[in-house]
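Trainee: quick one, structure for this:
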Amino acid sequence: MDTAKILTLLDEAYKNEVTAIHQYMSHHYTMDAMGYKGIASNEKKFAVEEMKHAEKLGERILFYDGSPSEKPGPEIRKGGDLKKMLKDDLDLEVGAVEMYQRVIAEMAALGDFTSKRLLESLLADEEDHVDFFRTELEKIERLGDAYLATLAK
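Mentor: As a prediction, this is how the structure comes out:
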C-alpha cells in the first residue's frame, strides 16, 4: 500500500472539511445577524457535521502515523446577501462531492477499503448538503420575499 498517497488523499478531504467548518460558521453568524435565524441554525448544524467528518478523517490520518493539516483547503467564501452565501455553500458542497468521488476511486485502486468506506459515508452526507442548498435556492427563486420571511423564524 502507498501510505504516502493515502495520507495525501485523506489530508485533502480533511482540509476540505476544515474549510466547510469555517465557511458555515461564518455564514451562521452573518445570517443570524441579518435576522435569518431559521436558516442560520442549519449552517451551524452543518458546521458541526463537518467537524465530525474532520474528526473521523483526522483519526484515520493518525492511524497511518500522519498529521492532519492545519490549513483549510479551498478558499473560504464569506459574506454577501443570503442568496450569495447559499450559492457559495452549494459550490463548496458540489466541489466536495466531486473530490470525494475521485478520492474514493483512488482509495479503491490503492487497496485501502477501510478509508474508502469512511469516505463513502462522508460523501452521502455531502450529497444531502448539496440537496439542501439547491432546494433552498430554488425556493428563494420561486417564492422570493415570502419565503425569505419564513427563514427569520
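Trainee: how close does the residue nearest the centre of the chain get to Asp88?
Mentor: The residue lying closest to the centre of the chain (C-alpha atoms, centre = their mean) is Ala20, at 4.4 Å. To Asp88, Ala20 is 11 Å away according to C-beta to C-beta, to the nearest Å. For glycine as for every other residue, the C-beta is placed from the backbone atoms N, C-alpha and C.
Trainee: circling back to that earlier point, do I have it right that the residue nearest to the centre of the chain meets Met51?
Mentor: No - contact criterion C-beta atoms under 8 Å: Ala20 and Met51 do not qualify, at 9.1 Å.
Trainee: show me where the protein has helices.
Mentor: Ranges of helices within the chain are 3-34, 37-63, 82-110, 113-143, 145-150, based on DSSP state H.
Trainee: between those helices, which one is closest to Ser69.
Mentor: helix 3-34 (5.0 Å; C-beta to C-beta).
Trainee: what's the average pLDDT for the closest one?
Mentor: In this model, helix 3-34 has a mean pLDDT of 96.
Trainee: and that helix with helix 37-63, angle?
Mentor: With axes from the mean of the first three to the mean of the last three C-alpha atoms, to 10 degrees applied, the angle from helix 3-34 to helix 37-63 works out at 160 degrees.
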